[in-house]
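Visitor: would you be able to build a 3D model of this:
(2 chains)
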Amino acid sequence: MPEPIRNLPLVVAVAGAVLAVSSALPNAARAYHTHKERLLDSTAYSLYRREARIGIMKVSYGIIDQLQVTTYTMPWILGAALEDVAPNLELKSTFFDKRRLALSASVGFATGKVEVLTVPSNPLEEPFESKVQYLFLPMSLAASVRINPILRTHVGGMYTSVTTAGDSQTSGNAIRGTAAVDLLQLWGMLEWKVSRVTALTLTVRWVPYAADPIVRGTIQIDPDTGAIIGVEVDVIDLNHAVAIIPGAVFSWKRANLRVGLGYGDFFFIEGLGLVAPGDLLQYLSFEFDVFVRF
Amino acid sequence: MPRLFTTTTLLLLSAVSLSCDSIDVPPPPDIEDVLAAYADPTANVRGEVMTEFAPYIETVRNGIEEAKLADLFLALVIKVQRGLNEATNEDGTLDLAGLSIPFPNGVVEVKHICPGWEPEQPDETDERSDRANGVLDMVVPLKSGSIGTLVWGIADECRFLEGDTRASFDGPFAMHFGKIVGLRERIEDLSITFAIAGNLRLDDDELMIEQSFRVTGTGRLEILIESDDFGSFVYFFELVGSTQGIRDTTGSFGCNLEISECRSPSGTFRW
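Guide: Residues are numbered from 1 along each chain as shown, chains lettered A, B, ... in the order given. Okay, the predicted model is just below:
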């Protein structure tokens, strides 16, 4: 049985646990859009002290009013499916929050391993597997401005450094390699509070800078000769990738739902600051989470 | 307390260094003038020119041939070519860090520990010492999965045995292949232009050398002579038939260093 299918019960269990916690805390749950309960995603706002958010996409906790810790659930679930631990953590500090303006800074990491199966185009050559260790280091700054009681605007920038390291085995020649990609992502979001339940959002994401991926490898040619290979990979031009996503955040008495669907020539993976080619999802960009705050 | 956490956050932000990745290698030497001098020699060689340069040509030839410097550098490039070829699929895809990179562009930085002066034992498996034997650092550009036209590097007190001669070279070197070289191509068959500058030692003899020479696939050795007073010309030695001669602005003609004589189209001259 293929590994992902064999691990399906585990994946379901992890996802179910998140939902179970969500539903187990209805009485303490906080909801409705209020002056105090503000949007957390793509904004400068963070949870207050001892406040928690548990959702399908991420779990957060307010250590103090100015510092929130978050872990994204998907890497854990995917890691469990692939029989590998995929730890990730994000610290977000709303270090300024007075009158109409809030400012935040965040830094995080995500790491794990994936197995890559390479199938050579020559049918005479054997497919081979390589283990790739990845490390994402996203860091961001954000600002939120309350224009009036129903309108807010949020802007921010996220710089993400992505490093992967893997071993390859081709024709008996062992290569240890690393790949690095740096990219900068800017976003702007307009928030319109229609009612205490519904807030409409319009988010624009843009990648003004993406470094050409650089892949490095070390190769031992013989006991006396070693080499470092540095290769610039020009596969996907991420520069000026853009996505426009209209969405809404519904905040009921017990639960919160965040949905959005828009167009993007690239798909932005929120939080980790990653960008994936848009054609993977028919150029649809979406936002989604179901969560409780308590 | 909030200020403490603000500071902590900012420190964390600054601690995660922004990695500005790029491929940094020593810049390639400019050998365009050297290549132009081979293509269009400017000197009109006469007896007085050879009077000045014949002893130098003899010394350089002996140094190059005795030390087999060209073979030393070339053997390393061939090793790298073979290593790259083994790491590249038949469709030209290099597998690196779990990524399959078709026809890669980049560089290979090579560090080679030199053979040293001790005769190699057949059962020797230990790595050699770079401190005792010296090293060759070499940059090999990758152009669409092939080896670039120019390869360059530096020898750091690189010691090697040539026959019974204890040889060493210390200084920069460059090799120009005249074309991009495929990973399955025989480099030995190409006409390769070398440029070296440094200290060549053969047993107790030392030669400070700043010289370009060319080795062709047929084994012809060409030594480029450049002079502020006379211009440039090429003195060549054919491997087959022991022919030697000069290529200058007037064309090619035979010479013999042993009897100090050249037979140019305008007449025989001696020195």
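Visitor: for chain B, which spans come out with low pLDDT?
Guide: B:1-23, B:97-99, B:120-131, B:241 (pLDDT under 70).
Visitor: biggest helix in it by residues?
Guide: Longest helix in chain B, counting residues (DSSP state H): helix B:47-67.
Visitor: buried sites along that one?
Guide: B:49-50, B:53-54, B:57, B:60-61, B:63-64, B:66-67 (16 or more other C-beta atoms under 10 Å in any protein chain shown). For glycine as for every other residue, the C-beta is placed from the backbone atoms N, C-alpha and C.
Visitor: any part of the next helix or strand after it near chain A?
Guide: Using DSSP states H and E, the helix or strand that directly follows helix B:47-67 along the chain is helix B:69-87. Yes: applying C-beta under 8 Å from any C-beta of the partner chain, one finds helix B:69-87 touching chain A at B:76, B:79-80, B:82-84, B:86-87.
Visitor: from the buried residues of helix B:47-67, pick the one nearest residue A:269.
Guide: Closest approach to residue A:269 among the buried residues of helix B:47-67 (C-beta to C-beta): residue B:67, at 58.0 Å.
Visitor: helix, strand or coil for the closest residue in space to that closest one that isn't next to it in sequence?
Guide: The shortest distance from residue B:67 to any non-neighbouring residue, by C-beta to C-beta, 6 or more residues apart in numbering or on different chains, is to residue B:167 (4.5 Å). Under DSSP: H, G, I helix; E, B strand; the rest coil, residue B:167 falls in the strand class.
Visitor: from chain A, how far off is residue B:167?
Guide: Distance of residue B:167 to chain A, given as C-beta to the nearest C-beta, to the nearest Å: 17 Å.
Visitor: same question, residue B:190
Guide: Counting by C-beta to the nearest C-beta - residue B:190 and chain A are separated by 21 Å.
Visitor: what about that residue, neighbour count?
Guide: Applying other C-beta atoms under 10 Å in any protein chain shown, we find 18 residues neighbouring residue B:190.
Visitor: likewise for the one 5 residues further on?
Guide: Residue B:195: 22 surrounding residues under other C-beta under 10 Å.
Visitor: same question, the one 5 residues further on
Guide: Residue B:200 is surrounded by 23 other residues when neighbours are defined as other C-beta under 10 Å.
Visitor: for it, list each beta-bridge partner.
Guide: Assessed by DSSP bridges, residue B:200 has beta-bridge partners residue B:169, residue B:207.
Visitor: how near is it to residue A:62?
Guide: 71 Å (C-beta to C-beta, to the nearest Å).
Visitor: with adjacent residues omitted, what lies nearest to the residue sitting furthest away from the middle of chain A?
Guide: The outermost residue of chain A relative to its centre, with distances by C-alpha atoms, centre = their mean, is residue A:224 at 43.5 Å. Leaving out its chain neighbours, the residue that sits closest to residue A:224 by C-beta to C-beta, 6+ apart is residue B:113, at 4.2 Å.
Visitor: which parts of the stretch 101-250 of chain B are strands?
Guide: B:105-113, B:135-143, B:146-147, B:150-162, B:165-176, B:192-202, B:205-215, B:221-227, B:231-237, B:244-248 (DSSP state E, counting those that start in this stretch).
Visitor: between these, which gets nearest to residue A:78?
Guide: strand B:105-113 (30.9 Å).
Visitor: so what secondary structure elements neighbour the closest one?
Guide: Under the contact definition 3 or more C-beta pairs under 8 Å, 6 or more residues apart in numbering or on different chains; DSSP states H and E, strand B:105-113 sits against strand A:225-232, helix B:69-87, strand B:135-143.
Visitor: burial count for the residue nearest to residue B:67?
Guide: Counted by other C-beta under 10 Å, the residues lying close to residue B:167 total 24.
Visitor: tell me where the model's unsure across chain A.
Guide: For chain A, applying pLDDT under 70 flags the ranges A:1-31, A:116-130, A:167-177, A:234-237, A:277-280.
Visitor: can you get me a residue count around the residue nearest to residue A:224?
Guide: Residue B:113: 21 surrounding residues under other C-beta under 10 Å.
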